[in-house]
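In: Following is a predicted model, sequence given first.
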Amino acid sequence: MTLGLDTRLTLLAAGLIFLLALLLGVWKYRQMATSPEHVAHPYVDIAHRSALMYSFATLLVSVFVELSDWPTAVNATCAGILVFFFVAAIGSYIAHGARRDTTNQFEHPDSGLRVAMIALIVGEVGAFVVLLAGFAAAQLL
């Protein structure tokens, strides 16, 4: 079986996000080992866990990409949108963990955060709906 380019790129993204999760685990461990309370900063913990979850979510996305009836460009674009928002979220968690500037980014949200969250919701849900519809068209109809 030969995988499509869209699927191969999505699988590569899943692997890279998983690698990031492993490296974030080292950072988390280091903070736990050196902290008087033996805990990492909340956003270091969130970054680690979200990277783990997003790596497997990206793996799931790759299955829908491979089994979709849509053209490669549509599937790759949708997967790219999902991966972009997954990585952007992880990146924001890393930034908060590195700066130690908050334990809850929604405590004092600015307009930029609101816009980013709306874009994330529309982008992630919209891109996945397209992939799910492509799967349904190919596999169920």
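Out: Cool, the structure landed. All of these numbers come straight from a predicted model, not from anything done at the bench. Numbers count the residues shown, from 1 in each chain.

In: and the residue lying farthest from the centre of the chain, what element?
Out: In the chain, the residue that sits farthest from the middle, by C-alpha atoms, centre = their mean, is residue 36; the gap is 31.1 Å. Of the helices and strands defined by DSSP states H and E, none includes residue 36.

In: Make 850 the starting number, not 1.
Out: OK, 850 is where the count begins now, so the last one is residue 885.

In: State the pLDDT value of it.
Out: Listed pLDDT for residue 885 reads 96.

In: Now do it against residue 947, distance only.
Out: Note on residue 885: its distance to residue 947, by C-beta to C-beta, to the nearest Å, is 19 Å. In this view, the C-beta of every residue, glycine as well, is placed from N, C-alpha and C.

In: Need the per-residue pLDDT for residue 850.
Out: At residue 850, pLDDT is 82.

In: contacting residues around the closest residue to residue 873 other than its chain neighbours?
Out: Once flanking residues are discounted, residue 873 sits nearest to residue 897: 4.1 Å by C-beta to C-beta, 6 or more residues apart in numbering. The contact partners of residue 897, by C-beta atoms under 8 Å, 6 or more residues apart in numbering, come to 870, 873-874, 876-877, 889.

In: Between those residues, which sits nearest residue 987?
Out: residue 870 (30.6 Å; C-beta to C-beta).

In: Let me see the mean pLDDT of stretch 911-920.
Out: 98.

In: Keeping just the C-alphas, turn it into CSV.
Out: The C-alpha coordinates for stretch 911-920 follow below in CSV (Å, rounded to 0.1, in the frame of the first residue of the first chain):
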residue,chain,number,x,y,z
SER,A,911,-3.9,11.1,9.1
VAL,A,912,-6.3,8.2,8.9
PHE,A,913,-9.1,10.5,7.8
VAL,A,914,-6.8,12.1,5.3
GLU,A,915,-5.9,8.8,3.8
LEU,A,916,-9.5,7.5,3.6
SER,A,917,-11.0,10.8,2.4
ASP,A,918,-12.5,11.1,-1.1
TRP,A,919,-11.3,14.7,-1.5
PRO,A,920,-8.3,15.7,-3.6
